[in-house]
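Participant: After the sequence you'll find the predicted model.
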Amino acid sequence: MTKPIIWSNGGGTQSAAIAVLISQGKLPTPERAVIADTGRECASTWAYLDSYIRPLLWKVGLEVEIAEHRYAAVDLYRDDTVLLPAYTSEGAKLTGYCSGEWKREVVKRWLREPERGYGPKNPVIQWLGMSRDEIQRCKASNVQWVENRWPLVMGYGLTLTRSTCVWVVENAGLPTPPKSRCWMCPHQNDNEWLELRDNSPEEFATAVALEAEISARDTKGGLYLHRSGVPLSQVDFQKRQNELPLFQSECESGMCWV
């Protein structure tokens, strides 16, 4: 029995490239496409999806469905542990559970709903959008009924990097896709924080408020969303751009940034 392909769309650069390649017939059309709504995704991700990716995929009869945040078993905290990979004032970094809880597990629960019917008796191939420069993030699924595959790097004769993905999208006549991320993600580099602050001040203000909330709740001296270990409102992102290399994502679940 051929397993159906379910594309877990991350809303970012690689996912935009996958959409283009599907529309061009260079990748097969999946049975379904789904994006997990973390409840905190940057507005730019949704705007690009609605303006460019959805219309492109409608032409091949594919809808990008949304797995709502209500499928998450936990939100910001599990018991007293915050799920975000936040920083301490001493420079230590917490383990991040947000991507796994808000994306990977949400998609699995959404797929298992009776109206969709996937699960151990109806296993699936799940596409994830890692590119060649992120090959270390290509990991097996944590359940047997989901077989992870990465169409940009194996199985379809493609070996695309993130920069090649940008070229694929732009060469198809679409604007440069944004890098998908949550507005409060500690994995953001200084360019991304600066972009958020200057172009999405409401989202940046919400991140500042969230940081204050988790820091106040912490019993060991405060938690912060920026690697400097100081409040976002005090970080000079413009200055730090010239001092520090761009920070690369360390999400372990393999569901973010694509």
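Facilitator: Cool, the structure landed. Numbering: from 1, shown residues only.
Participant: tell me, which helix in this protein spans the most residues?
Facilitator: If you go by DSSP state H, the chain has its longest helix at helix 201-217.
Participant: residues contacting residue 199?
Facilitator: Residues near residue 199 by CB atoms under 8 Å, 6 or more residues apart in numbering: residue 44. C-beta here means a position set from N, CA and C on the backbone, and glycine is covered the same way.
Participant: picking that back up, any residues touching the longest helix of the chain, and which ones?
Facilitator: 42-43, 76, 82, 84, 86, 183-184, 193, 196-197, 222-225, 231-233.
Participant: same thing with stretch 87-103?
Facilitator: Here stretch 87-103 makes contact (CB under 8 Å, 6+ apart) with 8, 36, 38-39, 69, 72-74, 78, 81-86, 182, 186-187, 220-230, 250-256.
Participant: Report the buried residues of the longest helix of the chain.
Facilitator: For helix 201-217, a neighbour-count test (16 or more other CB atoms under 10 Å) marks 203-204, 207-208, 210-211, 214-215 as buried.
Participant: just for this structure, where's the confidence low?
Facilitator: Along the chain, the parts satisfying pLDDT under 70 run over 240-254.
Participant: give me the number of residues near residue 156?
Facilitator: Using other CB atoms under 10 Å, residue 156 has 14 neighbouring residues.
Participant: helix or strand for the residue nearest to it when sequence neighbours are not counted, which one?
Facilitator: When the adjacent residues along the chain are set aside, residue 156 lies closest to residue 27, with 5.9 Å between them (CB to CB, 6 or more residues apart in numbering). Residue 27 is part of no helix or strand, with elements assigned from DSSP states H and E.
Participant: Just the buried residues of the contacts of helix 201-217.
Facilitator: Counted by 16+ other CB under 10 Å, the contacts of helix 201-217 give 42, 76, 82, 84, 86, 183-184, 193, 196-197, 222-225, 232 as buried.
Participant: from these, which single one is nearest residue 59?
Facilitator: Distance to residue 59 across the buried ones among the contacts of helix 201-217 (CB to CB) is lowest for residue 42, with 26.1 Å.
Participant: Now the closest one: phi and psi?
Facilitator: phi -60, psi 140 (degrees, to the nearest 10).
Participant: Contact partners for it?
Facilitator: Residue 42 makes contacts with 178, 180-183, 196, 200, 203, as judged by CB under 8 Å, 6+ apart.
Participant: Of those residues, which belong to helices?
Facilitator: Filtering those for helices - DSSP H - leaves 196, 203.
Participant: And the host helix or strand of residue 16, what does it pack against?
Facilitator: If you go by DSSP H and E, residue 16 is part of helix 13-23. Applying 3 or more CB pairs under 8 Å, 6 or more residues apart in numbering; DSSP states H and E, we find helix 13-23 packed against helix 54-58, helix 162-171.
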